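J.: With the input below, show me the fold.
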Amino acid sequence: MSPGAQGHLAMLAFSALVAGSFSLGSIMANEIAPTAFTALRFCLASLFVGLLAAQRRELTSQNFAAPWRFAILGGLFGLYFVLMFEGLRTAPPVSAAAVFTLVPLMAAGFAYFLLRQMMTGRMALALAIGGVGALWVIFRGDFGAALAFDVGRGEAIYFVGCVSHAIYTPMVRRLNRGESAVVSTLGTVLAGALLLGLYAWPEIGATDWAALPAMVWITLFYTAFFATAVTVILLQFATLRLPSAKVMAYTYLTPTWVIAWEISLGNTPPGAMVLVGVGLTVVALLLLLRDDQPAPL
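T.: Residues are numbered from 1 along each chain as shown. Reported below is the predicted structural model:
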């Protein structure tokens, strides 16, 4: 399997795992401070990734040269997760997923300034088709709902987090010095845990951890292991094999996965019209699966 194909499979799994954070996060977002939750989440993720790195014998001092790089990556990723859960306090999970679909275009813009990556016509077409398909899924094929869309406070807060996510993606490649995806992930989550721990110390101390509902702990484990440790590895693995615009294009599948999560949690399933949007996202991904080279500067 080619490196590009590996990157695409990694992002397919990434989009499915990320979607679970929206549905589970919306259930427990008001039970704990987002900063305290995310700090503990990064600590657990550091443990998971550290064990993996140790098992693969990748822990050497040379792998953590210039630690300021991981402070930047950890800060960007930590900010994204904190603002995501802050936004989910008021924003419905599918609506938040709509905001998340803005990341690919923003990532493409930041990739141009940071890496001089340029989109081809086919990539731009795929982003456009994927965006239309995602919006179709988000609004369940209802034009009236789309026209009446009003961005609330939660969506606005989460948008700032999505900007941080869009910057993070090309920065992974910009700051990488040959580290593997596992080592780079460990540096990122360790730095994020340290920065968030220092910032959120008052909230951490004020939280009655023993009184938290079971759903908080379930969400904590899921987000720490699957939606942080695993997805960060998948994201960094794919970023080193694919252009940033292609990597983040997979966020267009997130609303579809969110609806699947909502159904699995017992919520009302979408109507048949939603399948049109699902089909458009598949078309976009098929376009992205084709190899092409960006035009030179």
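
J.: Quick check: which ranges of the stretch 1-150 of the chain have low pLDDT?
T.: Applying pLDDT under 70 to the stretch 1-150 of the chain flags residues 61-64, 117, 119, 138, 140, 145-150.

J.: where do the helices sit along it?
T.: Taking DSSP state H, counting those that start in this stretch to define them, one finds helices in the stretch 1-150 of the chain at 3-28, 34-55, 68-87, 93-100, 103-115, 121-138, 143-147.

J.: Let me know which of those helices is the nearest to Val283.
T.: Val283 lies closest to helix 121-138 among these, at 5.6 Å (CB to CB). (C-beta placed from N, C-alpha, C; glycine too.)

J.: Would you confirm that Phe221 contacts Leu44?
T.: Yes: counting by CB atoms under 8 Å, Phe221 touches Leu44, with 7.4 Å between them.

J.: Compare the two and say which is more crowded by neighbours.
T.: It is Leu44, of Phe221 and Leu44, that has more neighbours when counted by other CB atoms under 10 Å, with 18 against 14.

J.: Spatially nearest residue to that one (excluding sequence neighbours)?
T.: Leaving aside its sequence neighbours, Leu44 sits nearest to Ala224 (CB to CB, 6 or more residues apart in numbering; 3.7 Å).

J.: The one you found: what's it in contact with?
T.: By CB atoms under 8 Å, 6 or more residues apart in numbering, the residues touching Ala224 are 40-42, 44-45, 48.

J.: can you check Val160 too?
T.: Going by CB under 8 Å, 6+ apart, the list of residues near Val160 reads Leu83.

J.: That one sits in which helix or strand?
T.: helix 153-175 (DSSP states H and E).

J.: got the contact list for whichever helix or strand comes after that helix?
T.: Per DSSP H and E, helix 153-175 leads on to helix 181-199 as the next helix or strand towards the C-terminus. Helix 181-199 has contacts (CB under 8 Å, 6+ apart) with 35, 38-39, 42-43, 45-46, 49-50, 52-53, 56, 58-59, 63-64, 67, 69-71, 73-75, 77-78, 82, 172, 176, 179, 204, 228-229, 232-233, 236-237, 240.

J.: Now do helix 181-199, average pLDDT.
T.: Here helix 181-199 scores 90 as its mean pLDDT.

J.: Next, the buried residues of that helix.
T.: 181-197, 199 (16 or more other CB atoms under 10 Å).
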